[in-house]
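Asker: pasting the sequence and the predicted model now:
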Amino acid sequence: MILVSACLLGHKVKYSGGANTHELLLKYNERGRFIAVCPECFAMLPVPRPCVELQGGTGKKVLSGKAKAMDENGRDMTQYFLTGADKVLKIAEAYHAKVAILKEGSPSCGVKKIYNGNFEDKKIKGQGVTTALLQKHGITVYSDKDMTVGRLEELIAEDMRRDRI
């Protein structure tokens, strides 16, 4: 099975109450190989909710206690983001998932870039909290921005091969 950010599959779980529907992923979802995940929802955060950015570093630093997830009102949301990441990891382990496709830019799911923590719409290199935790446990994480028909065909074929072994 392949973990996919729920917002990419049309679920209205984005902090603003919307979705980030990715038409190609939605089409491939029909093959039954995806598990929709939303770390923030798994941590019982409401939809909609205040915007959150990582301050003091990236997801790796949040995992090590050297950075925080803060909302736009100054509320520390770090524990929620750690809880959500842990729940996604448990799902990955339960389904023997080796791959995830997550939403770029998200403080949970960002793969290559996240917002800089100052709520000024600027991005920096780095991963979100869930991405960092999954990678730490050997799960390959792809950005939704990297998805093509060829890449998805390859990922699904590999996932199906693993099931047969």
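Answerer: Structure received.
Asker: quick one: the closest residue to Asn73 other than its chain neighbours from Phe42, how far?
Answerer: Nearest residue to Asn73, sequence neighbours excluded (C-beta to C-beta, 6 or more residues apart in numbering): Pro50, at 5.4 Å. All C-beta spots, glycine's among them, are computed from the backbone N, C-alpha and C. Computed as C-beta to C-beta, to the nearest Å, the Pro50 to Phe42 distance reads 18 Å.
Asker: would you enumerate the residues in contact with the residue nearest to Asn73?
Answerer: Applying C-beta atoms under 8 Å, 6 or more residues apart in numbering to Pro50 gives the contacts 15, 71-73, 75.
Asker: do Arg75 as well
Answerer: Neighbouring residues of Arg75 by C-beta under 8 Å, 6+ apart: Pro50.
Asker: rerun that using 10 Å as the cut-off
Answerer: Residues in contact with Arg75, defined by C-beta atoms under 10 Å, 6 or more residues apart in numbering, are 50, 52, 69.
Asker: how far is the helix or strand hosting Leu54 from where the chain is centred?
Answerer: Taking DSSP states H and E as the definition, Leu54 sits inside strand 52-55. Per C-alpha atoms, centre = their mean, to the nearest Å, the displacement of strand 52-55 from the mean C-alpha position of its chain is 14 Å.
Asker: what pairs with that strand, and is each one parallel or antiparallel?
Answerer: Here strand 52-55 is paired, per DSSP bridges, with strand 68-71 (antiparallel).
Asker: the strand it pairs with - what's its average pLDDT?
Answerer: Strand 68-71 comes out with an average pLDDT of 98.
Asker: starting at the chain centroid, how far to it?
Answerer: Centroid displacement of strand 68-71 relative to its chain, using C-alpha atoms, centre = their mean, is 16 Å.
Asker: any regions of the chain where pLDDT drops low?
Answerer: 165 (pLDDT under 70).
Asker: cutoff 80 now
Answerer: The chain contains residues with pLDDT under 80 at 164-165.
Asker: which non-adjacent residue is nearest the most centrally placed residue in it?
Answerer: The residue lying closest to the centre of the chain (C-alpha atoms, centre = their mean) is Cys109, at 2.6 Å. Setting aside the residues directly before and after it, Cys109 is nearest to Leu102 in space (C-beta to C-beta, 6+ apart), at 3.6 Å.
Asker: what's the neighbour count on the residue nearest to Met44 when sequence neighbours are not counted?
Answerer: Leaving aside its chain neighbours, Met44 sits nearest to Tyr80 (7.7 Å; criterion: C-beta to C-beta, 6+ apart). By the measure other C-beta atoms under 10 Å, the count of residues near Tyr80 is 22.
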